[in-house]
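# Give me coordinates for this.
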Amino acid sequence: IGINAASGVLSVEQYLSLDHDREATAGNSYDSYDEPISLASGSLGATVTLKDGDGDTVVSSTADISSRVAFEDDGPTIAIAASTTNRATVDETATTSAAGSLGLTTYTAGNDPDVTGAGVIASATSSGSVVTLSTEAYGSDGAALSEAKVFGLSVTNASSGVTLTDGSAVNLVLLSNGNVAGVVQGSGAFAGKVAFVIGINAVSGVLSVEQYLSLDHPAEATAGNSYTSYDETISLADGSLGATVTLKDGDGDTVVSNTADISSRVAFKDDGPTITVNSPAEPTLTVDETVLATNATANFGGNFTSAFGADGAGTLIYALGVVAGASGLIDTATGQAVNLSVSVGGVVEGRTATSNHLVFTVNVNSTSGAVTTLTTLDFQPMGLVVDSSGNVYTISMGFGFPLVTAGVYKITLAAPTPTPNSPSTTTT
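The predicted model follows:
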């Protein structure tokens, strides 16, 4: 501190930061960043000395100017944004559940009935902080010795934008421990239960998610999209989940950042059904041509093992498929090759290649997996086969002449050049 001897103007130069005991906090709306402190009363004085023309001097009384020296406080500043790379992605593909680590306070976790056990069916942690700090300054007071930087969560819109597999809405609730829970709404089986919980590491900003109940993923995996949406990812609705960072400087002043929207930093991957072919030999279907109307049936359901996953059971449908074209079989009656095709109803048909007569069918019970083969009666024969040996004419009906039943028939033979005994053109 210095004073100009001629003018009495005071000057102060500061080298080290001073403690300002009134801290800037949320409780006082952070209005004490410029809090001034002065020297203690009676600690700093000023005098004036007068001297007359013949050299006599007088010194004034001492004026207390302690309050004329003031030191204003400094405070931290911060600005943040959501990370564009780090996020916590939960894959709800699960066969068993596990204990959770993120507290739910007074809420109760849901129990997914389609996953073995009770507890967390899937969890994930971001690879780094889900927010970035574009400004982080503590000022001349420096950073506090503890809790200088604290990450926290906030709910900016209770509607999460996601639903359970059964369609129940899920709302976000900020818990007293700082975690955010996704609580099931409505009056369904899981109403009031926690579907998932989100927590943030107060020191690192790393996000953690634990999922208890499966969520609905609207883009269904079908043959039309080549079953590419089993891992379809959904996120929370924009503007629903926020993060803040609080800085504290050396003399206890704090500042809370703007709220960064981190809704997209939480992702849930879909689960899909699986089906595998078992190793046991497939059943064999054998049709005896002796009685063409007799079917053969065998169940192939046991040759497959299916699992629906965390989303629970939907439908299980058995179907047949063939490589359309030649079957390698020949129809006895016509001598034509038998071609395979699949009808509109999913029935495999064997038809003669040229005349398109139905020779046999194979169909499957879409629910049980039972496959049935039928050698059909619904095709026309080529005709009679006549073999002449001497004066004896043998008339035989080739395979596939089921329209003939026991009885007396009139048979006409057309023989333009009959041999060997040149009978009349028409013999009955």
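
# Strands of the stretch 151-300 of the chain, start to end?
159-163, 169-174, 180-184, 194-200, 206-211, 233-235, 241-248, 254-256, 260-261, 266-269, 274-277, 296-299 (DSSP state E, counting those that start in this stretch).

# could you redo the ones you listed as CSV and give each row distance to Val120?
Glycine gets a C-beta too; all of them are placed from N, C-alpha and C. Below are the strands of the stretch 151-300 of the chain laid out as CSV (distance: least, C-beta to C-beta, whole Å):
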stretch, distance to Val120
strand 159-163, 17
strand 169-174, 16
strand 180-184, 13
strand 194-200, 9
strand 206-211, 5
strand 233-235, 18
strand 241-248, 19
strand 254-256, 31
strand 260-261, 26
strand 266-269, 13
strand 274-277, 21
strand 296-299, 39
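
# mean pLDDT for those strands: which is lowest?
Ranked on mean pLDDT, the bottom entry among the strands of the stretch 151-300 of the chain is strand 274-277, at a mean of 74.

# What is that strand packed up against?
In this structure, strand 274-277 makes packing contacts with strand 304-307, judged by 3 or more C-beta pairs under 8 Å, 6 or more residues apart in numbering; DSSP states H and E.

# in this protein, which residue is closest to the centre?
Geometric centre of the chain, nearest residue: Lys269, 1.9 Å, by C-alpha atoms, centre = their mean.

# bridging residues for that one?
Following DSSP bridges, Lys269 is listed with bridge partners Asp91, Thr233.

# what does Thr49 give?
Going by DSSP bridges, Thr49 is paired in beta bridges with Val59.

# I'd like to know how many residues surround it.
Burial of Thr49 is recorded as 9 neighbouring residues (other C-beta atoms under 10 Å).

# Do I have it right that it meets Thr62?
No: counting by C-beta atoms under 8 Å, Thr49 sits too far from Thr62 to count as a contact (11.7 Å).

# Low-confidence regions, the protein specifically.
Within the chain, the stretches with pLDDT under 70 are 23-32, 219-223, 225-231, 272-274, 280, 290-293, 306-314, 371-428.

# on that earlier part again, quick one: closest of the strands of the stretch 151-300 of the chain to Thr132.
Closest of the strands of the stretch 151-300 of the chain to Thr132 is strand 260-261, at 8.4 Å (criterion: C-beta to C-beta).

# Given the closest one, what are its sheet partners and their directions?
strand 241-248 (antiparallel).

# Give me the angle between the partner strand and strand 159-163.
Calculated by axes from the mean of the first three to the mean of the last three C-alpha atoms, to 10 degrees, strand 241-248 forms an angle of 140 degrees with strand 159-163.

# Go ahead and name everything in contact with strand 241-248.
Residues from elsewhere that reach strand 241-248 (C-beta atoms under 8 Å, 6 or more residues apart in numbering): 76-78, 80, 82, 130-131, 133, 136, 138, 143-144, 147-156, 172, 180, 198, 200, 205, 254-263, 265-266.

# any idea of the angle that strand forms with strand 206-211?
Using the same axes, to 10 degrees: strand 241-248 against strand 206-211 is 140 degrees.

# Extract the C-alpha set from strand 241-248 and format it as CSV.
Coordinates of each C-alpha in strand 241-248 appear next as CSV, following Å, rounded to 0.1, in the frame of the first residue of the first chain:
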residue,chain,number,x,y,z
LEU,A,241,-31.5,-36.0,-19.3
GLY,A,242,-28.9,-33.4,-18.4
ALA,A,243,-25.5,-33.1,-16.8
THR,A,244,-23.9,-30.3,-14.9
VAL,A,245,-20.4,-29.6,-13.5
THR,A,246,-19.8,-27.6,-10.3
LEU,A,247,-16.4,-25.9,-9.7
LYS,A,248,-15.1,-24.7,-6.4
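
# now it and strand 180-184, what's the angle there?
Going by the same axes, to 10 degrees, strand 241-248 makes 160 degrees with strand 180-184.

# please begin residue numbering at 311 from this point
New numbering, starting at 311: the last item is strand 551-558.

# chain center to strand 551-558, what's the gap?
27 Å (C-alpha atoms, centre = their mean, to the nearest Å).

# Next, Ser377: phi, psi?
Backbone torsions of Ser377, given as degrees, to the nearest 10, read phi -80, psi -10.

# Confirm for me that it is in contact with Ser348.
Yes: judged on C-beta under 8 Å, Ser377 makes contact with Ser348 at a distance of 4.9 Å.

# what about Asn421, which SS state?
Put simply, Asn421 is coil when judged by DSSP: H, G, I helix; E, B strand; the rest coil.
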